[in-house]
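Peer 1: predicted model and sequence below, questions to follow.
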Amino acid sequence: MTQAAAPARPYRSVLYIPGSKDRALEKARTLATDAIIFDLEDAVAPDEKLRARELLAETLRSADYGGRARIVRINGLDTEWGADDARAFAGAGVEAILIPKVSSPADLDAVAALVPETPLWAMMETAAGMLNAAAIAAHPRLQGMVMGTNDLAKELGCRFRTDRLALQAGLGLCLLAARAHGLVIVDGVYNAFKDDEGLRAECEQGRDMGFDGKTLIHPAQLAIANAAFAPSEAEVDLARRQIAAFEEAQAQGLGVAVVDGKIVENLHIVTARQILAKAEAIAAMQES
Ligand SMILES: CC(C)(COP(=O)(O)OP(=O)(O)OC[C@H]1O[C@@H](n2cnc3c(N)ncnc32)[C@H](O)[C@@H]1OP(=O)(O)O)[C@@H](O)C(=O)NCCC(=O)NCCSC(=O)C[C@H](O)C(=O)O
Ligand SMILES: [Mg+2]
């Protein structure tokens, strides 16, 4: 019989918080976000970088963020802050260190040498990064990818469209690479944080493509992402019925069942079990 996938940590909502903003750091402890990216890079002004690093290090030492995954986005190693950022959070017990503008596996090697144990995540947001996505995803220390659609759009010189046509090639390449290597992959941000309908549509597109969740910039975006990337009641119900029908078919010596007029084979049961495991992981997250 196919084994249920281990309940994985959900990443439906991944909220950026500028590492320099005391109030937002405090507020995030009560927000319904699956994960937090504590940002030292683009959300922090150059003359605030050192204060933000100190504030964040102290906050992560003392504050309880419950079951929310804690990810620190450091500055690039080509800046005056990057290497010290990496060293400062190497032993901080965070779930991952997120490296900006990863263009090749060598960018990961450089941080891996400074951070011997903490898992690494990569911002996928350069044209070279898209072309090297498979090699980046294969890096032994990498566990997650985050799409940086603002920087990618900047590099491409494309226009923002609701269908994200110009970004589709890069989104697809990174998704393929992440899935081929068993990584978490989270979609880019939706900049118009007061436009709920636009956000909902972009979350639906990301969910349809296969992303695990969406990066967000404002607490008002959380509920929409959490709903879009969770299995719906109908999906959970169908998954349960597929598993029951398939087990019954197997008991009769058959390899195929039919549910709602559609065939159900072993491969559909793998997906059904993943849906149930994700629903369980979300429920566990909500209880924590
Ligand atoms: C976008 C913002 C600047 C808006 O800030 P503000 O005007 O202060 O918002 P509000 O007054 O509506 O805030 C209401 C309360 O919510 C708290 N808040 C706001 N944002 C956050 C947050 N991100 N996390 C936690 N809490 C937040 C405020 O403190 C208010 O609390 P209260 O006092 O109790 O009322 C602001 O939202 C913001 O700075 N967002 C994050 C921006 C950011 O991190 N940008 C960098 C990442 S995006 C990126 O770089 C992606 C990638 O690299 C790419 O290339 O695409
Ligand atoms: Mg960026």
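Peer 2: That came through, no problem. Ligands and ions are numbered 1, 2, ... in the order given.
Peer 1: A138 and S104 touch, don't they?
Peer 2: No. The criterion here is CB atoms under 8 Å, and A138 misses it with S104 at 11.6 Å. Placement of C-beta: from N, CA and C, glycine included.
Peer 1: the helix or strand containing M130 and ligand 2 in contact?
Peer 2: Counting by DSSP states H and E, the element that carries M130 is helix 127-131. No. Figure legend: helix 127-131 not in contact with ligand 2 (CB under 5 Å from the ion); closest approach 10.8 Å.
Peer 1: what residues are up against A230?
Peer 2: Applying CB atoms under 8 Å, 6 or more residues apart in numbering, one finds that A230 lies in contact with 10, 12, 278-279, 282.
Peer 1: from the centre of the chain, give me the residue that's furthest out.
Peer 2: Q252 (41.2 Å; CA atoms, centre = their mean).
Peer 1: phi, psi for that one please.
Peer 2: Here is the backbone geometry of Q252 (degrees, to the nearest 10): phi -90, psi 10.
Peer 1: quick one: it from ligand 1, how far?
Peer 2: Between Q252 and ligand 1 the computed distance is 52 Å (CB to the nearest ligand atom, to the nearest Å).
Peer 1: quick one, what contacts that residue?
Peer 2: Going by CB under 8 Å, 6+ apart, the list of residues near Q252 is empty.
Peer 1: test for you: state the pLDDT assigned to it.
Peer 2: pLDDT, Q252: 97.
Peer 1: equivalent analysis for G91, please.
Peer 2: 88.
Peer 1: which ones are touching the residue nearest the centre of the chain?
Peer 2: The residue lying closest to the centre of the chain (CA atoms, centre = their mean) is V186, at 3.1 Å. With contacts defined as CB under 8 Å, 6+ apart, V186 is in contact with 11, 14, 144-147, 211-215.
Peer 1: element containing it?
Peer 2: Here V186, judged by DSSP H and E, is contained in strand 184-187.
Peer 1: centre of the chain to the lowest-mean-pLDDT helix or strand in the chain, how far?
Peer 2: Taking mean pLDDT, DSSP states H and E as the measure, the helix or strand of the chain with the lowest value is helix 266-287, at a mean of 94. Taking CA atoms, centre = their mean, to the nearest Å, one finds the center of helix 266-287 at 17 Å from the center of the full chain.
Peer 1: can you map out the helices along the stretch 51-200 of the chain?
Peer 2: 82-89, 105-114, 127-131, 133-137, 149-156, 168-180, 196-209 (DSSP state H, counting those that start in this stretch).
Peer 1: for ligand 1, see how far away V186 is.
Peer 2: Distance, V186 to ligand 1, by CB to the nearest ligand atom: 11 Å.
Peer 1: what's the separation between that residue and C174?
Peer 2: Counting by CB to CB, to the nearest Å, the gap from V186 to C174 is 10 Å.
Peer 1: need the overlap of contacts for the two.
Peer 2: Joint contacts of V186 and C174 (CB under 8 Å, 6+ apart) are 145, 147.
Peer 1: now R200. Nearest residue, chain neighbours left out?
Peer 2: Nearest residue to R200, sequence neighbours excluded (CB to CB, 6 or more residues apart in numbering): I224, at 5.2 Å.
Peer 1: tell me which other helices or strands the one helix or strand the one you found maps to touches.
Peer 2: Using DSSP H and E, I224 sits within helix 222-228. Under the contact definition 3 or more CB pairs under 8 Å, 6 or more residues apart in numbering; DSSP states H and E, helix 222-228 sits against strand 13-18, helix 196-209, strand 213-216.
Peer 1: partners of the shortest one, with directions?
Peer 2: I take that to be strand 213-216. Here strand 213-216 is paired, per DSSP bridges, with strand 13-18 (parallel), strand 184-187 (parallel).
Peer 1: so of the ones you listed, which one's packed in deepest?
Peer 2: Most buried of the strands paired with strand 213-216, by mean neighbour count (mean count of other CB atoms under 10 Å): strand 184-187, with a mean of 26.
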